[in-house]
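K.L.:
All I have is the shape, not the residue letters:
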């Protein structure tokens, strides 16, 4: 496990804290002879033997049993099954022998979206005489009793509006702006329904991008090309025969682009909190939207008329994907027919719970290392999120027992969070960061997230270090070839509010894909009714040894962050990243900005940061959620400053003067934030 | 001078810093015998003998000579005279015997507004046949060579637009919303020019409030009732015979409602910084506006027709103030005539300098006590701001000499700032806080502002303490009757960016009015061409002993903040203030909010803060400049939470649902900020 220290430790010089520095400087010499007990405590560093003990005690079968318990029933946010998991987390964390110092629930009243259980959403093909020629499945096919549980929620697009659009079908590839732009060159999209495949664009984007062209409804499905390495048959190829998605499987999801409760931006969603009018919500589909399985998508797409779509638009079906006439081919049974969506989604304010637990720190109780994962799933959620929760429960069991037996107490406090309503937009974790904003931003040392702990079947034949450096490495000027640590640039799990909003150093840990073995964009049961204990224990991690490895790794990181005398953060890594961002920005944007009289390279420029800048800076300028200038979500897909990258990309695409002004504004915000950080690193005065 | 410590010291418990606490706790016992030198330094507390020495050395004649030098010529921001004062500050702060460790200039390119020196602004009365019947003075009358200096800027309303409105005159009292509302009940304001008097409303507000009624131009003057205790004659009553404003005196000023450079909100105004389009500027007059002397106002107002204005609208002129017909009385020579404004103001980007100087701290060099004042004036600015600058230069002379002689070095660093372009909207100080935002918000201990050091003739017959407690006291539950420290709730000088934007503890020190002797709303030469060395030395502080007292007081505070082992901040005072705010809010707003279904007293309410909350919390929510929830400008004139107070007052006045929503939003922001602070004060975890 020592590989990890190489990544996190490195040069400590810049991280010196005055207190620890003075104490160390003075007592380093005396220690052992005359120093009093409290000095021994205060100057105690991380105990390697304790970490070894922790690693040995982490048990794979315990994790398996955690998972079995957590996935007994579907536990969508605020459902009865969710409450069962709340009670289970509390029971575990309040256990007198293996629990934490304290555990409790915290509730927020949040804005969620559900289908109507009494009136299911429908997708049909309707003839000119209003005859229903085809009806898409309302539920996924049952291969075990898990899929038959009445609490399995019908597949739906959360936050898509209710409505009954009916129109000619078109195929819009991934629903990107460029996809609709191209489609619109070929045919008139007004009044059409677009079918799109997952990938390439956020869920909500597929409908947001469509509406300006007059599209009135959107379907979305997962193409077997993108998820199943082309496999389509449930006779022998897909679950229950393999990890692949069955033909009726549907990826549910939250169709929104911002995170946190939508009605209370920046404010914790308490009972009495001010809520914005629903009409002011942005970033959700403006038109009805529904996800369907590829079995139904096949029946629709292969009947489409019109010109053949470009080769990049083609998927795994054994037919040509046409644009649509709009509508179906003259030779199809569906000729002259429309596709109709009947969507009955409705929004509700519901109480969602976080479960919180703490181990109090001995020396620095007011410094927090936070470890969390969401608890809510779409259905049974064995992998997403219960694999991570099972790991977290095993970490707390082992640490809790050490604490209860009096064998250990961390230097800093550890806070565990089991977040609610993540699937609806990272809501529980975001409300938590909003409610405790001042305290958390001043006192938090780091946030560790373990959501989907294991994404794929693995091999245990080699060490984490060897595996990692083989598949995912980089060449560092300082260390040579080392395991690469990715950037948390998306908002894919609960780390987002911690790193992008609070500005706290964050980490997301999982056992991930071997791209030589599959091109699945994510594990195929993701957000379907097949993400069950059966699926996890048969196809993802039989024996739960990969889960065990993740628990050992996460716990190792956690203990080091909680116990190290000096925080094991490597400032020179940060500087390397910033320099990479800078050279990428110079390379991509200098000429384009100069053409609009915006100087990136002048005397006031970022070149100033070359020498010795590191830090994060979080500062908002109104409008959207205030974001981090280094770590924030970006659509531009470039390893560089996210605000500048997004604004530049947009300006270069629209050419509008107002968009170039926004790029200039983003550049100025960036320069000021980084130079502000550089000032802090300069002379004391 | 010990009175001050009573105010600032008090209970120190809550201010303990971990470092100092541990060191003290351990070495407090050993000190003197075995502790090494560095421990002696680190644990050194403020030296009372040194403060006495400082007080003795502060010299009144030195302050007088500083003022003489600073006021030789007019030094409006970015003028040649301003550059002369920059050079003088640098010379003094770089003096090898009495200067600081280091001093330098820092420039910002800022958006200023000036009249056209070649085409002066004009105010005339024009007959129906376009004959000019009356012309207001373009310059103030000269009583000494000071007023004859060609660099004396013509009176004007900075940021009021150029234009040539011509219309019937009306009298609109102070230009408050209620004044125009009442006036509009009586007559049609469309196409009129309104004459208003200073006071009761911000400068820009007099025009902003007028425009919606169709008013096309605004005049503003200072009524002798408000400034001169009724005195009007320059034959024997006003300057040069007394401190009162001569009939031709005009108060210049910046007509804007927000502070900082208008084109670069939140960003330091460097050469390459993004600037918003000028059309997006808010908070400035939408119609041409011009200030005039009361001599001209008399000639216009006493000729007005229409109904007599209410008694509260009457001023000191020996005539009835009528509303206007609109326009003049039938019996007037001006009958049927219009008032015409010819305004040629123009905006320019100009380089404005701050002069910065530092004394490096010995033990905590990265903790800053900041002391500042603006340097720019409207004309000679003897009182505003040069009285404060003369005091600052005497403080730096005495401290600088101690440092140069090796007799003293503060524990913390001291930063001195001589800010530019304050008169145009606190621009130099605001840009400084924007540029160094991260560093200053993390490291600053306090900001001390001494702008107008002495506002009024004083008496030296008693101590500051006795004088203060006699005229301005309060009863504290903890100490009984004590001198009162006011709240910095306005944005009247450069402290605004430090306390309202950065959230740094701030103080503004001056020798102020004895209200038993005058009801002048401010010293009568304020912003006129009569605010000269002659005026200051003859009428405000002959002998400069009041200036000397202010220098001693400010230096005393400065040394204590820089040298005290534990910062002399009294948390229980903060708690007292918060509790006062809370009970005021409960008293004023509970019923009105409840009537709109907004709960102030529920379980999530502010009652939670009663027990043990203190702190400031600065957090923005987009839109306007992010402001402090406790310390920020407020129009509501209530000693309670400013954001809530303003929003409630507005909602109660308009009754609009959207305004009640905003009141609810402000309440939620407030509750979250204060509860966030309370969390920080609670248990460590």
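P.N.:
Cool, the structure landed. What you see is a predicted model, and the numbers here were worked out from it, not measured in a lab.
K.L.:
which stretch of helix or strand covers the residue nearest to residue A:245 when sequence neighbours are not counted?
P.N.:
Residue nearest to residue A:245 in three dimensions, not counting chain neighbours: residue A:524, with 3.9 Å by C-beta to C-beta, 6 or more residues apart in numbering or on different chains. For the C-beta atoms, the positions are set from N, CA and C on the backbone; glycine is no exception. According to DSSP states H and E, residue A:524 maps onto no helix or strand at all.
K.L.:
What of residue A:396?
P.N.:
helix A:386-404.
K.L.:
what is the mean pLDDT for that helix?
P.N.:
Computed over helix A:386-404, the mean pLDDT rounds to 98.
K.L.:
starting at the chain centroid, how far to the helix or strand just after that helix?
P.N.:
Following helix A:386-404 in sequence order, the next helix or strand is strand A:412-419 (DSSP H and E). Averaging C-alpha positions (C-alpha atoms, centre = their mean, to the nearest Å) puts strand A:412-419 19 Å from its chain's average.
K.L.:
what lines up beside strand A:412-419 in the sheet?
P.N.:
Here strand A:412-419 has these sheet partners by DSSP bridges: strand A:346-359 (antiparallel), strand A:364-374 (parallel).
K.L.:
Going by residue numbers, what spans are helices in the stretch 51-200 of chain A?
P.N.:
Taking DSSP state H, counting those that start in this stretch as the test, the helices found in the stretch 51-200 of chain A are A:60-70, A:80-93, A:177-186.
K.L.:
scratch that, the stretch 401-550 of chain A
P.N.:
Remark: helices assigned in the stretch 401-550 of chain A by DSSP H, counting those that start in this stretch are A:427-435, A:437-443, A:464-471, A:495-496, A:533-535, A:545-563.
K.L.:
helices and strands around the fourth one, which ones?
P.N.:
Which is helix A:495-496. Secondary-structure packing of helix A:495-496 (3 or more C-beta pairs under 8 Å, 6 or more residues apart in numbering or on different chains; DSSP states H and E): strand A:506-508.
K.L.:
what does the longest one give?
P.N.:
In terms of contacts (3+ C-beta pairs under 8 Å, 6+ apart), helix A:545-563 is packed against helix A:3-8, helix A:48-57, helix A:60-70, strand A:364-374, helix A:386-404, strand A:412-419, strand A:444-449.
K.L.:
Can you give me the buried ones in the next helix or strand after that helix?
P.N.:
Downstream of helix A:545-563, the first helix or strand assigned by DSSP H and E is helix A:571-594. For helix A:571-594, the buried set under the neighbour-count rule, 16 or more other C-beta atoms under 10 Å in any protein chain shown, comprises A:571-578, A:581-582, A:585-586, A:588-589, A:593.
K.L.:
helix or strand right after helix A:571-594?
P.N.:
Later in the chain than helix A:571-594, the nearest helix or strand by DSSP H and E is helix A:642-654.
K.L.:
what's the spacing between the residue most central in space within chain A and residue B:506?
P.N.:
Among the residues of chain A, residue A:492 comes closest to the average C-alpha position under C-alpha atoms, centre = their mean, at 1.4 Å. To residue B:506, residue A:492 is 43 Å away according to C-beta to C-beta, to the nearest Å.
K.L.:
just residue A:481 next, same as before
P.N.:
Distance, residue A:481 to residue B:506, by C-beta to C-beta: 53 Å.
K.L.:
which one of the two has more residues nearby?
P.N.:
More neighbours surround residue B:506 than the other of residue A:481 and residue B:506, with 21 against 10 (other C-beta atoms under 10 Å in any protein chain shown).
K.L.:
just checking, the more buried one touches residue B:488?
P.N.:
Yes: assessed by C-beta atoms under 8 Å, residue B:506 is found in contact with residue B:488 at 5.9 Å.
K.L.:
tell me, what's touching those two both at once?
P.N.:
Taking C-beta atoms under 8 Å, 6 or more residues apart in numbering or on different chains as the criterion, residue B:506 and residue B:488 both touch B:495, B:499.
K.L.:
If we ignore the residues flanking it in sequence, what's nearest the residue of the stretch 451-600 of chain A found nearest chain B?
P.N.:
Proximity of the stretch 451-600 of chain A to chain B (C-beta to the nearest C-beta) peaks at residue A:599, 5.0 Å away. Nearest residue to residue A:599, sequence neighbours excluded (C-beta to C-beta, 6+ apart): residue B:272, at 5.0 Å.
K.L.:
can you give me the strands in the stretch 151-300 of chain A?
P.N.:
In the stretch 151-300 of chain A, the strands defined using DSSP state E, counting those that start in this stretch lie at A:157-158, A:166-167, A:169-171, A:193-197, A:217-221, A:253-254, A:289-291.
K.L.:
Sketch out the low-pLDDT regions of the stretch 501-650 of chain A for me.
P.N.:
Applying pLDDT under 70 to the stretch 501-650 of chain A picks out residues A:601-626.
K.L.:
redo that, cut-off 90
P.N.:
A:513-516, A:569-588, A:590-591, A:594, A:596-642 (pLDDT under 90).
K.L.:
that older thread, out of the strands of the stretch 151-300 of chain A, the one nearest chain B is which?
P.N.:
strand A:253-254 (23.6 Å).
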